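A.B. asks: task: produce atomic coordinates for the following.
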Amino acid sequence: MSNLEIAPREVPCGATGFVDADILEPREVPLGGPRALQVRRTLPQHQRSLIGAWCFADHYGPQEVRQSAAMDVPPHPHTGLQTVSWLFRGEIEHRDSAGVHQLIRPGELNLMTAGAGICHSEVSTPSTTVLHGVQLWVALPDSDRDTARDFDHYVPEPVSRGGAAIRVFLGELAGDRSPVHTFTPLLGAQLDLAAGCTLDLDIDPGFEHGVLLDLGRVDVAGHTLHSGQLAYLGPGSTSLRLRNPGGMASRVVLLGGAPFTEELLMWWNFVGRSHDEIVSYRQQWQDGDDRFGAVNGYTGSIPRLPAPTLPATRLRPRRRT
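C.D. replies: Sure thing, here's the model as predicted:
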């Protein structure tokens with residue numbers, strides 16, 4: 001998914017002091033204009049820019065899809081990251097410059113590796129009446145950020161644990177492991193909790209974690225989460241307890257990873273390390289450079305998404321603490 005903000009701010013990402021629990025509130029962002037699909041963005045923000053290598057989290061829907069509100073994101077570029085598409089409802093057609101054409105459906109992981117450069121399009125299918133899901137980005141470490149374009153599709157089987165169903169799409173949890181390769185230690189899972197369910201999980205104490213609530217309510221680390229909120233939990237714990245106190249089912253997306261201590265600079269759809277890199281990526285995209293390739297088969301009204309104008313000042317990454 002593209003960041004379609006007209007004037008995106010640079011986001012300096014780096015290591016920060018860890019806390020036991022912190023509640024991140026989302027901000028509303030329209031994808032493609034005020035009548036387009038609205039998303040709730042919890043990462044990045046000034047309060048926290050990373051959870052492990054997870055550097056971007058958009059949560060959207062459930063939203064009825066009309067012609068004016070369907071997802072139609074023209075070909076756009078990425079560098080230095082992996083995109084994770086995870087749906088609860090609806091269907092999206094993905095095309096990219098690695099030659100991949102894939103339908104994205106609920107409960108199916110679609111992970112695209114941008115590496116040195118890729119471009120892709122995302123369009124909700126005509127049969128889709130409701131869109132509901134999350135779009136996530138993972139920053140690549142410096143040693144691997146110029147890797148080749150790639151794509152993985154994986155359908156995890158749900159694991160039952162008491163009154164909960166667990167789908168592990170990245171990493172390992174509850175005795176289940178995803179076979180999909182990541183460049184840093186990561187965890188990504190969907191957890192569905194029945195009404196009144198309490199779920200105790202063994203977690204990696206070296207990871208920091210984020211609990212993003214999609215539906216219902218969930219108690220975690222002394223806080224009650226409401227839809228769209230994300231609870232950040234610092235490293236050090238060997239267990240995580242989630243409790244659904246409501247009379248309806250709840251659903252969360254659990255993210256985790258080893259703290260990512262490299263300095264990053266995110267602007268628009270690019271993850272880099274310096275102002276000059278971002279400027280170069282933008283110019284190459286505007287010039288149609290082979291770094292990003294081309295998407296075949298996209299039939300939208302705009303053949304490719306132009307890059308926004310860079311700010312007048314230099315973009316600067318945060319110094320590591």
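
A.B. asks: going forward, measure contacts and count neighbours with C-alpha atoms only.
C.D. replies: OK.

A.B. asks: now tell me which helix or strand of the chain has the poorest mean pLDDT.
C.D. replies: Using mean pLDDT, DSSP states H and E, strand 11-13 stands out as the lowest-scoring helix or strand of the chain, at a mean of 50.

A.B. asks: any idea which residue sits dead centre in the protein?
C.D. replies: Residue closest to the mean C-alpha point of the chain, counted by CA atoms, centre = their mean, is residue 136 at 0.6 Å.

A.B. asks: who's in contact with it?
C.D. replies: When the contact criterion is CA atoms under 8 Å, 6 or more residues apart in numbering, the partners of residue 136 are 54, 55, 56, 57, 58, 83, 84, 85.

A.B. asks: out of the residues you listed, who's nearest residue 39?
C.D. replies: Here the nearest of the contacts of residue 136 to residue 39, counting by CA to CA, is residue 58; it sits at 5.9 Å.

A.B. asks: which element is the closest one on?
C.D. replies: Per DSSP states H and E: residue 58 is located in strand 54-64.

A.B. asks: which residues touch that strand?
C.D. replies: Residues from elsewhere that reach strand 54-64 (CA under 8 Å, 6+ apart): 37-44, 49-50, 89, 129-139, 214, 228, 255-257.

A.B. asks: again, 6 Å this time
C.D. replies: For strand 54-64, the external contacting residues (CA atoms under 6 Å, 6 or more residues apart in numbering) are 39-44, 129-138.

A.B. asks: any idea what the residue nearest to the centre of the chain is bridged to?
C.D. replies: Residue 136 forms beta bridges with residue 57, residue 84, as assigned by DSSP bridges.

A.B. asks: neighbours around the closest residue to residue 110 other than its chain neighbours, how many?
C.D. replies: Of all residues not flanking residue 110 in the chain, residue 153 sits nearest, at 4.8 Å (CA to CA, 6 or more residues apart in numbering). Look at residue 153: counted by other CA atoms under 10 Å, it has 16 neighbours.

A.B. asks: likewise residue 229?
C.D. replies: 22.

A.B. asks: if we can go back for a sec, ok, the next helix or strand after the least confident helix or strand of the chain: who's next to it in the sheet?
C.D. replies: Per DSSP H and E, the first helix or strand lying C-terminal to strand 11-13 is strand 22-24. Looking at strand 22-24 with DSSP bridges, its partner strands are strand 230-233 (antiparallel).

A.B. asks: mind exporting the strand it pairs with as PDB, just the C-alpha atoms?
C.D. replies: What follows is strand 230-233, C-alpha atoms only, in PDB (Å, rounded to 0.1, in the frame of the first residue of the first chain):
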ATOM      1  CA  LEU A 230      -2.100  -0.300  19.800                       C
ATOM      2  CA  ALA A 231      -0.400  -1.300  23.100                       C
ATOM      3  CA  TYR A 232       3.400  -1.200  23.000                       C
ATOM      4  CA  LEU A 233       5.200  -3.600  25.400                       C
END
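
A.B. asks: name whatever forms a beta bridge with residue 119.
C.D. replies: Residues in beta-bridge contact with residue 119 (DSSP bridges): residue 77.

A.B. asks: and it, what pLDDT?
C.D. replies: With respect to pLDDT, residue 119 has a value of 98.

A.B. asks: now swap in residue 51 and tell me
C.D. replies: The model's pLDDT for residue 51 equals 97.

A.B. asks: hey, what's it bridged with?
C.D. replies: As assigned using DSSP bridges, the partners bridged with residue 51 are residue 54.
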